[in-house]
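[1] Got a sequence here, can you model it:
(chains A and B)
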Amino acid sequence: DGGITQSPKYLFRKEGQNVTLSCEQNLNHDAMYWYRQDPGQGLRLIYYSQIVNDFQKGDIAEGYSVSREKKESFPLTVTSAQKNPTAFYLCASSIRGAVNLEAFFGQGTRLTVV
Amino acid sequence: SQQGEEDPQALSIQEGENATMNCSYKTSINNLQWYRQNSGRGLVHLILIRSNEREKHSGRLRVTLDTSKKSSSLLITASRAADTASYFCATANQAGTALIFGKGTTLSVSS
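    Numbering: from 1, shown residues only, chains lettered A, B, ... in the order given. As a prediction, the model looks like this:
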């Protein structure tokens, strides 16, 4: 089945650690996105990529990094510079340049700092 | 930057009643989309309405768009308990390269 797979579903991070969230899609979409969701805050854009080997910062990129080496994959690293990383992270994809069409979302990764 | 703002933040109704959620946005748009999110899950696309459309239907969903007021509404008719979820409106960022979401309306439908 075509779709977006995020892993792991739950992730625990110790203070000062970097952690990487996985996002893989088999929809042949060029564009991929990372959002952060906090209670009462809706979704906020972290990073997005319109094509392989290219990505842009969203509204809250500080403390995060991404790579886009393959069309299918868009991993997000939450670095130790992110002071409040506990949140629900959502990955999405869409046809490149087609913001006028729907975005497809993964099931999310819930990150907790312990 | 939040482009859309949904209203109300929370809505509780009985099964069979209609639910109306509103979205206001700030800048001109090409289209507006509505998404649904079940608790702890990803978002699912519901409907897209283009800027030259005033109303669109999909099953029990009815979306309206008023570009002069920069607002949209989502009506769910004959609500069911399974409609319990959060609903978000989304529009494109200024560059047209990503979707920006509002804070959402949490709908609770009790049987």
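[2] contacts and neighbour counts: CA atoms only from here.
    Fine.
[3] show me what contacts the nearest residue to A:D54 once chain neighbours are set aside?
    Once flanking residues are discounted, A:D54 sits nearest to A:R68: 6.7 Å by CA to CA, 6 or more residues apart in numbering or on different chains. Neighbouring residues of A:R68 by CA atoms under 8 Å, 6 or more residues apart in numbering or on different chains: A:49, A:51-55, A:74-75.
[4] okay, among the residues you listed, which ones form the most distant pair?
    A:I51 and A:P75 (14.0 Å; CA to CA).
[5] Those two: which has the busier surroundings?
    Neighbours of A:I51 and A:P75, each counted by other CA atoms under 10 Å in any protein chain shown, are more numerous for A:P75; the result is 21 against 17.
[6] Now for the closest residue to that one other than its chain neighbours: which residues touch it?
    Closest residue in space to A:P75, ignoring its immediate chain neighbours: A:S22 at 4.7 Å, by CA to CA, 6+ apart. A:S22 is in contact with A:5-8, A:73-76, counting by CA under 8 Å, 6+ apart.
[7] Apply 6 Å and report the result again.
    A:S22 is in contact with A:6-7, A:75, counting by CA atoms under 6 Å, 6 or more residues apart in numbering or on different chains.
[8] hmm, back to that, inside strands: which ones of the contacts of A:R68?
    Cross-referencing the contacts of A:R68 against strands under DSSP state E gives A:49, A:51, A:54-55.
[9] Got a PyMOL select line for the buried ones in those residues?
    Buried members of the ones in strands among the contacts of A:R68, defined by 16 or more other CA atoms under 10 Å in any protein chain shown, are picked up in PyMOL with:
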select buried, chain A and resi 49+51+55
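[10] Let's have the ones in strands among the contacts of A:R68 in CSV, adding pLDDT.
    Converted to CSV, the ones in strands among the contacts of A:R68 look like this (pLDDT from 0 to 100):
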residue, pLDDT
A:S49, 95
A:I51, 93
A:D54, 95
A:F55, 96
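[11] Out of the contacts of A:S22, which is nearest to chain B?
    Distance to chain B, by CA to the nearest CA, is smallest for A:Q6 among those, at 10.0 Å.
[12] Work out for me the element that closest one sits within.
    strand A:4-7 (DSSP states H and E).
[13] Do you have the strands of chain A handy? List them.
    Under DSSP E, chain A gives strands at A:4-7, A:10-13, A:19-25, A:31-38, A:42-51, A:54-57, A:64-66, A:76-78, A:87-94, A:104-105, A:109-113.
[14] from the chain's centre, how far out does the shortest one sit?
    Computed by CA atoms, centre = their mean, to the nearest Å, the separation of strand A:104-105 from the middle of its chain amounts to 11 Å.
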